[in-house]
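K.L.:
Structure for the following, please:
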Amino acid sequence: MTATAQPATSTDERIAHLDAVCDEVWAKIKATKYYAALLAGQVTPAIMHRYLVETYFYVRENAKNQAAVVLRLDDTQAAYAKYCLKHALEENGHEQMCLHDLRTTGFDMATLPGLRPLPATAGLIGYLYDLAARHNPVARLGYSYWAEGAHSYLAEGMAKVKALFQLSDNQMTFFVAHGAIDEKHFQDVKAALAAHCVTEQDWADVAWVIRVTGGLTATMLDEILESAQ
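P.N.:
Just a heads-up that it's a prediction; the model follows:
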């Protein structure tokens, strides 16, 4: 008796798997001490500011480590190179929103040059550069998928911050204005995944990058809480 061939996994099913991985990562983030303190209304201005500082540190590198992926692509990957460069250009300068939000919420900007990224933040930055330099170039889409999709998970936490500190949208530009940009980018990343993830290994590498970058973010949040306290 001849076995019936199983249908190949569809792109929609693969995307659904990535969504499940994102759900797992966000469950880990929402189990952090930082998130518990946020929901309990125990986040201080110092904690909020340190969060924005760490966000500034890694966001200012995103355009560069995204563009660096192109250095390892060959002529057959021109379409993926175009996506990476276009996305990098659109991400360039987004760290200025973090600086704007720091200024408008009373942070002493004179202290910023003396600050260094916390260990997990430094780890995230270093991992993304290492990913671009040595690993499957398509795997970088995992970070884009995780980061650009974050807006759908952040509503509760951002509403809590806004109410706790009585902030206007103009004082939360990274999450309000940037969130609107991310919605468009999220759809772009889905299209890029469908176009450029060709092998089982590609999809597995994308999922792994989501786990790594999301896990480092969870660690970063608890380090923020500890450093500010």
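K.L.:
Grab the most central residue of the chain for me.
P.N.:
A147 (2.7 Å; Cα atoms, centre = their mean).
K.L.:
by contact count, what packs against the helix or strand encompassing L102?
P.N.:
Assigned by DSSP states H and E, L102 falls within helix 95-104. Judged by 3 or more Cβ pairs under 8 Å, 6 or more residues apart in numbering; DSSP states H and E, the packing partners of helix 95-104 are helix 45-68, helix 173-196. Just so you know, the C-beta spots here come from the backbone N, C-alpha and C atoms, and that holds for glycine as well.
K.L.:
mean pLDDT lowest for which of those?
P.N.:
Least confident of these, judged by mean pLDDT, is helix 173-196 with a mean of 83.
K.L.:
still on that earlier bit, buried ones in the helix holding L102?
P.N.:
95, 97-102 (16 or more other Cβ atoms under 10 Å).
K.L.:
between it and helix 45-68, how many degrees?
P.N.:
Per axes from the mean of the first three to the mean of the last three Cα atoms, to 10 degrees, the angle that helix 95-104 makes with helix 45-68 is 170 degrees.
K.L.:
what sits against the residue nearest to L115 when sequence neighbours are not counted?
P.N.:
For L115, ignoring the flanking residues on the chain, the nearest one in space by Cβ to Cβ, 6 or more residues apart in numbering is V53 at 6.0 Å. Counting by Cβ atoms under 8 Å, 6 or more residues apart in numbering, V53 makes contact with 98, 102, 107, 112, 115.
K.L.:
in the chain, which spans are helices?
P.N.:
Taking DSSP state H as the criterion, the chain carries its helices at 11-29, 33-39, 45-68, 78-91, 95-104, 119-134, 140-148, 155-165, 173-196, 200-228.
K.L.:
Quick one: residues in contact with the second one.
P.N.:
Under the criterion Cβ under 8 Å, 6+ apart, residues 29, 43, 47, 156-157, 160-161, 221-222, 224-225 lie in contact with helix 33-39.
K.L.:
my guess is R72 meets H135, correct?
P.N.:
No: contact criterion Cβ atoms under 8 Å: R72 and H135 do not qualify, at 9.1 Å.
K.L.:
Now tell me which helix or strand of this structure has the poorest mean pLDDT.
P.N.:
Lowest by mean pLDDT, DSSP states H and E among the helices and strands of the chain is helix 173-196, with a mean of 83.
K.L.:
Check the offset of it from the chain's centre.
P.N.:
Put simply, helix 173-196 sits 11 Å off its chain's centre (Cα atoms, centre = their mean, to the nearest Å).
K.L.:
who does that helix touch, helix- and strand-wise?
P.N.:
Helix 173-196 packs on helix 11-29, helix 45-68, helix 78-91, helix 95-104, helix 140-148, going by 3+ Cβ pairs under 8 Å, 6+ apart.
K.L.:
repeat that for 10 Å
P.N.:
Packing contacts for helix 173-196, counted by 3 or more Cβ pairs under 10 Å, 6 or more residues apart in numbering; DSSP states H and E, involve helix 11-29, helix 45-68, helix 78-91, helix 95-104, helix 140-148, helix 155-165, helix 200-228.
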